[in-house]
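# Structural data only, the sequence is not supplied:
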């Protein structure tokens, strides 16, 4: 059992302060479970006699196959957490349908492929339908994993698409020259230090990386064609040029099946499974509070500091080439 200390202050400003008087700070000590197993939370129900379930599973933030850096405490590996939730839905015979709620600009190529494979595997071994429900953004890798689902729905203003591959690196050679720093690498082959941020990329290296990007792009386009069989290969190629679409535009071009909010998506899930009364459930850690299907409250990690929370952005990570299914405007 671990204890979480929450200190809250009531602050009164302007003319309300004299009227309210002085209040001492309040101290709330709440015991919480230290277990990390998933806990099922009921978000909504069609009535007291609803037996069958629709599970809502979240994919949020950058898709990576590691835990995002956090100065204090611990964080989730997105791929691992998705698999854990899918397993929970697979092992519960009362769960008849899954809604995959996506709010992500994408991420690394391999992590996106892993999530895609896990969703396909879930559908094949359970026979349970999966509906991708896009929220603010479901672009690039976010759209990649949506193609693993039986149906895709979006909000009218959802940003989606960005079908393509990005290899991002930096060139620090000019800055290093100005400050009088030079690097020297001893390599075993011509391409061993290709993509180094400490020198300008050669034409041969650019051609080498372009071939890799083209190969990954081909797999992305194949995934879209498989997930959207009503689109011809030529039409997929026209749409898969990196541009983004609103949800409304995505429906018009065939990348999304229909516009739907959470309530409409639950009705679609019930229809696909032939159900009339269901419980809408989700999975989270024991410390999380999830009052309804608009909520997403990450657990307070062990060692979190209530007065200061420091999360260093990924841009502080030493630069190295990465292949990304990621929408990154303004690069």
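Received it, and whenever you're ready, just let me know what you need. Computed from a predicted model, the values in this text were never measured in an experiment. Numbers count the residues shown, from 1 in each chain.

# in the chain, which helix or strand is least confident?
Across the helices and strands of the chain, mean pLDDT, DSSP states H and E gives its lowest value to strand 2-8, namely a mean of 38.

# need the helices for the stretch 101-250 of the chain, in chain order.
109-126, 141-146, 173-178, 203-227, 233-239, 247-253 (DSSP state H, counting those that start in this stretch).

# quick one: which of those is nearest residue 37?
Closest approach to residue 37 among the helices of the stretch 101-250 of the chain (CB to CB): helix 109-126, 19.1 Å. Quick note: C-beta positions are derived from backbone N, CA and C, even for glycine.

# Can you give the distance of the closest one from its chain's centre?
14 Å (CA atoms, centre = their mean, to the nearest Å).

# report the angle between the axes of that helix and helix 203-227?
Angle of helix 109-126 versus helix 203-227, following axes from the mean of the first three to the mean of the last three CA atoms, to 10 degrees, is 20 degrees.

# tell me what helix 109-126 is packed against?
Using 3 or more CB pairs under 8 Å, 6 or more residues apart in numbering; DSSP states H and E, the elements in contact with helix 109-126 are helix 78-91, strand 130-139, helix 141-146, helix 203-227, strand 322-326.

# Tabulate those (JSON lines), appending mean pLDDT and distance to residue 44.
Below are the helices and strands packed on helix 109-126 laid out as JSON lines (pLDDT from 0 to 100; distance: least, CB to CB, whole Å):
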{"stretch": "helix 78-91", "mean pLDDT": "94", "distance to residue 44": "17"}
{"stretch": "strand 130-139", "mean pLDDT": "96", "distance to residue 44": "14"}
{"stretch": "helix 141-146", "mean pLDDT": "97", "distance to residue 44": "23"}
{"stretch": "helix 203-227", "mean pLDDT": "94", "distance to residue 44": "28"}
{"stretch": "strand 322-326", "mean pLDDT": "75", "distance to residue 44": "32"}
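
# Model confidence score at the residue most central in space within the chain, please.
By CA atoms, centre = their mean, the chain has its centre lying nearest to residue 60, at 3.0 Å. For residue 60, the pLDDT comes out at 92.

# could you point out where the stretch 201-331 of the chain is predicted with low confidence?
287-321, 328-331 (pLDDT under 70).

# 50 - rerun?
297-318 (pLDDT under 50).

# May I have the strands that pair with the helix or strand harbouring residue 57, each with its orientation?
Residue 57 belongs to strand 52-60 when assigned by DSSP states H and E. Paired neighbours of strand 52-60 in the sheet (DSSP bridges): strand 95-104 (parallel), strand 278-284 (parallel).

# Identify each buried residue in that strand, please.
52-60 (16 or more other CB atoms under 10 Å).

# who touches that strand?
43, 78, 82, 85-86, 88-89, 92, 94-104, 115, 142, 145, 266, 269-270, 273, 275, 277-283, 293, 296 (CB atoms under 8 Å, 6 or more residues apart in numbering).

# any idea of the angle that strand forms with strand 130-139?
Using the same axes, to 10 degrees: strand 52-60 against strand 130-139 is 20 degrees.

# Quick one: distance of strand 52-60 to the chain centre.
14 Å.

# mind starting the numbering at 208 from now?
Sure, I'll start counting at 208 from here, so that last one is strand 259-267.

# about what we covered before: out of the helices of the stretch 308-457 of the chain, flag the one nearest residue 273.
Here helix 316-333 is closest among those (CB to CB), at 8.3 Å.

# orientation of that closest one relative to helix 285-298 in degrees?
Going by the same axes, to 10 degrees, helix 316-333 makes 0 degrees with helix 285-298.

# residues in contact with residue 372?
Here residue 372 is in contact with 316, 420, 423-424, 427, 530-532 (criterion: CB under 8 Å, 6+ apart).

# how many neighbours does the closest residue to residue 349 other than its chain neighbours have?
Leaving aside its chain neighbours, residue 349 sits nearest to residue 311 (3.9 Å; criterion: CB to CB, 6 or more residues apart in numbering). By the criterion of other CB atoms under 10 Å, residue 311 has 29 neighbours.

# surely residue 311 meets residue 268?
Yes - using CB atoms under 8 Å, residue 311 is in contact with residue 268, at 6.1 Å.

# Deepest-packed of the strands paired with strand 259-267, please.
strand 302-311 (a mean of 24; mean count of other CB atoms under 10 Å).

# Next, the angle strand 529-533 makes with it.
110 degrees.
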